[in-house]
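Peer 1: missing the sequence, but the structure's below:
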């Protein structure tokens with residue numbers, strides 16, 4: 001790879017809303033600018049495409065019912081018009097915190113064995129304690145690398161990653177077959193598991209920081225974990241080879257309760273309700289396969 005790799009930025013969108021202007025502005029001030037920015041829009045009814053075009057970003061439109069977490073990203077890669085060694089993926093609700101976010105996300109690729117890099121996610125100031133803990137638990141301040149050989153120590157956490165703000169080496173992506181099938185969720189976990197099993201490494205770049213806050217209702221959280229359950233039901237090899245997710249889930253719940261007890265104890269019952277809902281959604285998907 002070149003010392004200065006060529007990279008593209010791909011963002012799937014649908015009615016990105018008020019935060020979209022902040023997202024676009026945070027991209028425009030980056031010290032490392034993409035060779036191409038491609039927005040794949042699923043028929044937004046707001047100004048999502050118009051704002052992107054004001055920044056002179058390329059846009060494509062697909063039908064809403066055509067969107068798929070995996071195949072839409074695969075489609076976008078094939079539609080790139082500029083040569084790229086690396087693709088950075090973002091979601092429409094991620095605001096880059098500092099001007100070196102892209103630069104720091106790309107830095108791990110100096111190791112030729114790194115095929116996927118993802119950045120640190122922190123919450124906006126208005127985020128509730130439940131969301132603050134989730135980001136702190138999953139996105140620590142220390143960077144690391146992981147390989148398939150680490151599975152005995154980390155289990156399913158070996159392939160934890162996110163393409164809400166993540167980058168992939170295209171040569172490795174194509175080597176493992178890319179996204180060969182539709183996926184209801186967890187397309188980032190899927191591709192990272194394939195990459196690590198092939199012998200590549202996953203890098204977490206803690207100095208590549210972005211704001212990303214989820215404010216899901218209990219019902220939406222249940223639907224989200226139902227889709228995650230569908231994913232694992234259709235891709236059983238991941239949990240079979242890396243271990244069930246329940247152990248990591250129990251560790252998360254224990255950490256969450258301790259954090260809330262110190263910071264917002266009145267939210268503990270709601271947190272427990274969310275935990276039960278997520279578990280039921282996940283299990284229901286597997287039972288209905």
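Peer 2: Nice, thanks for sending it over. Owing to the predicted nature of the structure, the values given are computational and were not obtained by experimental measurement.

Peer 1: what residues of stretch 25-40 count as buried?
Peer 2: Judged by neighbour count using 16 or more other CB atoms under 10 Å, the buried positions of stretch 25-40 are 26-27, 30, 32, 34-40. For the C-beta atoms, the positions are set from N, CA and C on the backbone; glycine is no exception.

Peer 1: among those, name the ones in helices.
Peer 2: Those of the buried residues of stretch 25-40 mapping onto helices are 26-27, per DSSP state H.

Peer 1: mind putting the buried residues of stretch 25-40 in TSV, distance to residue 101 and pLDDT included?
Peer 2: TSV is the format used below for these (distance: CB to CB, whole Å; pLDDT from 0 to 100):
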residue	distance to residue 101	pLDDT
26	8	98
27	9	98
30	6	98
32	9	97
34	12	97
35	17	97
36	18	97
37	14	98
38	18	98
39	18	98
40	21	98
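
Peer 1: dump the buried residues of stretch 25-40 into TSV; add distance to residue 257 as well.
Peer 2: Formatted as TSV, the buried residues of stretch 25-40 follow (distance: CB to CB, whole Å):
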residue	distance to residue 257
26	34
27	37
30	38
32	40
34	41
35	46
36	45
37	42
38	42
39	40
40	39
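
Peer 1: now the least confident helix or strand in the chain by mean pLDDT: buried residues?
Peer 2: Lowest mean confidence among the helices and strands of the chain (mean pLDDT, DSSP states H and E): helix 246-263, at a mean of 89. Residues 248, 252-253, 256-257, 259-260 are the ones in helix 246-263 that count as buried (16+ other CB under 10 Å).

Peer 1: and the two most separated of these?
Peer 2: Using CB to CB, the buried residues of helix 246-263 span at most 18.6 Å, a distance reached by 248 and 260.

Peer 1: on that earlier part again, which of the buried residues of stretch 25-40 sit farthest apart?
Peer 2: Spanning the widest gap among the buried residues of stretch 25-40 are 32 and 40, at 21.8 Å by CB to CB.
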